[in-house]
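Student: need the 3D shape of this:
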Amino acid sequence: MNQSKKLYRYAVMATCAAFMSASLLSCSDGDDDPDISGNITDTPSAWNVFTEGLPTNIGGATLESNEKGQVTRIQDGTKDITFEYGRFTPSRAGNFTVVMKNRDKMYPSEDNDIYMQINKQEFVEYAYMVYLDAVEEPEEWWFEYNGNGQLKRVKQNDSDKEFNITYKNGDITKVVQVDEDGDRYAYTINYTNDKFSTPVANKGCVMLYDDCFQIDMDEMEIAYYAGLLGKATVNLPMGYVDVEDEMEETFYWEFNSMNLPVKFSYGSYGAENFTWTW
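Tutor: Numbering: from 1, shown residues only. Take a look at the predicted model:
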């Protein structure tokens, strides 16, 4: 999969996140612009997550930030994602402090705005997405985090999937997905493999929720790189085991001279990959 498609997959396709105890909100009419007031807030800041500094390019897309460490734009040739911080009130959907606007030249019918409520840890606890063409129904996500600020539970109303995430010593060890019809999928995460015999510190604080941990958040996953979806694992994942199918996947990483990851790959001949520039 090429990098442009990869970005689209992270930003306009799918991944979801954990429970908060917010109730489902009523849907927007789709024809009302949000009311915006107030100045950019002091929080959240991506520096809260990326302790070694922000990457300048992710998956072939340029990342821009402001003087407060807030990511303001992620852009490649066709996809343009912007983040705004302040106070926003989409029709009948409550008050929000961040909005992520997804625009795509190739798929304009998928253009959408995602409004986010931020918790005291400075991460998203609830997200509400409206499509600009008002054809699709709004979508919602709920997120929960542990005491270390790491994502531990995700739920999305559109796919009716819920993910529960187990940690040990700061690393994800198990992910369980439960669907509305009761289907259950479980994955255990490895931190060593044939190439990396000891755990490798996650110095760049990168997270690939879908590829590495099988946590599918759809359009929300890209928000991690704005520092909005919790903190990273202590070490880099080196593979996972699909408990139900007894299938194992191995990951491979490449690093720069500062031990920051520059490429992740898996699958036959590294067909699936993702890159970073620092």
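
Student: what is the end-to-end distance of stretch 175-185?
Tutor: One end of stretch 175-185 to the other measures 8 Å (Cα to Cα, to the nearest Å).

Student: average pLDDT across stretch 109-122?
Tutor: The predicted model assigns stretch 109-122 a mean pLDDT of 94.

Student: tell me the buried residues in that stretch?
Tutor: By neighbour count on 16 or more other Cβ atoms under 10 Å, the buried set for stretch 109-122 is 110-118, 121-122. Using the backbone N, CA and C atoms, a C-beta is placed for each residue, glycine as well.

Student: now do stretch 193-203
Tutor: 193, 196, 199-200, 202-203.

Student: okay, those residues in JSON lines with secondary structure next?
Tutor: Supplementary listing: these in JSON lines, determined by DSSP: H, G, I helix; E, B strand; the rest coil:
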{"residue": "Asn193", "secondary structure": "coil"}
{"residue": "Phe196", "secondary structure": "coil"}
{"residue": "Pro199", "secondary structure": "coil"}
{"residue": "Val200", "secondary structure": "coil"}
{"residue": "Asn202", "secondary structure": "coil"}
{"residue": "Lys203", "secondary structure": "coil"}
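
Student: strands of the stretch 151-278 of the chain, residue ranges please.
Tutor: If DSSP state E, counting those that start in this stretch is used as the criterion, the strands of the stretch 151-278 of the chain fall at 151-156, 161-168, 171-179, 184-190, 239-242, 247-255, 261-266, 272-277.

Student: wait, which of those is closest to Ile215?
Tutor: Of all the strands of the stretch 151-278 of the chain, strand 161-168 sits nearest to Ile215, with 5.0 Å by Cβ to Cβ.

Student: which helices and strands sit right next to the closest one?
Tutor: Secondary structure elements in contact with strand 161-168, counted by 3 or more Cβ pairs under 8 Å, 6 or more residues apart in numbering; DSSP states H and E, are strand 151-156, strand 171-179.

Student: redo those as TSV? Include mean pLDDT.
Tutor: As requested, these are exported to TSV (pLDDT from 0 to 100):
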stretch	mean pLDDT
strand 151-156	97
strand 171-179	96
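
Student: low-confidence ranges, the chain, go.
Tutor: 1-42, 91-93, 159, 269-270 (pLDDT under 70).

Student: from Thr192, how far off is the residue positioned nearest the centre of it?
Tutor: With the centre of the chain defined as its mean C-alpha position, the nearest residue by Cα atoms, centre = their mean is Glu221, 2.2 Å away. Counting by Cβ to Cβ, to the nearest Å, the gap between Glu221 and Thr192 amounts to 25 Å.

Student: can you tell me which of the buried residues of stretch 109-122 are in helices?
Tutor: The subset of the buried residues of stretch 109-122 located in helices under the criterion DSSP state H is empty.

Student: return the member of these nearest to Thr233.
Tutor: When these are compared for distance to Thr233 (Cβ to Cβ), Gln121 comes out closest, at 16.5 Å.

Student: that's all I had, so thanks and see you.
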